[in-house]
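>>> All I have is the shape, not the residue letters:
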């Protein structure tokens, strides 16, 4: 597998892959492609880096990350095409490329996963990731309404 850092000219490829990732993961995003495009312009214009993965000239996926100040990397997106013959092996290879060739030795990686996505949780656990924090989200309904139901 090969990789290269994405540039602003790669944003259409990133938007296409991100749109498919949203569908594959069952994420609740309702963003239009133009809104996703703007987000990538903002991310790449700030402190995020994107890496594109290819195997024999075929696009495999991408990663979007940013270094944190405390020797951590926040891995915001990690997408490997679901139609690959061995998606998990390709994902493991891409993750190893990030770890061995892109991030500094000893860098710790943080990734956020939808709690209701057992296959994604299983993948990250199989890669050696473990829970460090549990984040809960409230939809803003009144507490009484929740207690009454």
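Structure's in. What do you need? Note that the structure is predicted; figures quoted are calculated from it, not measured.
>>> hey, where'd the helices end up in the protein?
11-25, 33-45, 87-97, 118-126, 143-148 (DSSP state H).
>>> Confidence-wise, which of those helices is weakest overall?
Comparing mean pLDDT over the helices of the chain, the weakest stretch is helix 143-148, at a mean of 57.
>>> one step back: turn the helices of the chain into a markdown table, including distance to residue 105 and mean neighbour count.
The way it works is simple: take the backbone N, C-alpha and C, and place the C-beta from them, glycine included. Output for those, formatted as a markdown table (distance: least, Cβ to Cβ, whole Å; neighbours: other Cβ atoms under 10 Å):
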| stretch | distance to residue 105 | mean neighbour count |
| --- | --- | --- |
| helix 11-25 | 27 | 17 |
| helix 33-45 | 25 | 14 |
| helix 87-97 | 13 | 17 |
| helix 118-126 | 21 | 14 |
| helix 143-148 | 47 | 8 |
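>>> So which of these is nearest residue 135?
In terms of Cβ to Cβ, the element of those nearest to residue 135 is helix 118-126, at 13.8 Å.
>>> any residues touching the closest one, and which ones?
Contact with helix 118-126 is made by 25, 88, 91, 111, 113, 114, 115, as judged by Cβ atoms under 8 Å, 6 or more residues apart in numbering.
>>> The fifth one: neighbouring residues, count only.
Think residue 113. Using other Cβ atoms under 10 Å, residue 113 has 17 neighbouring residues.
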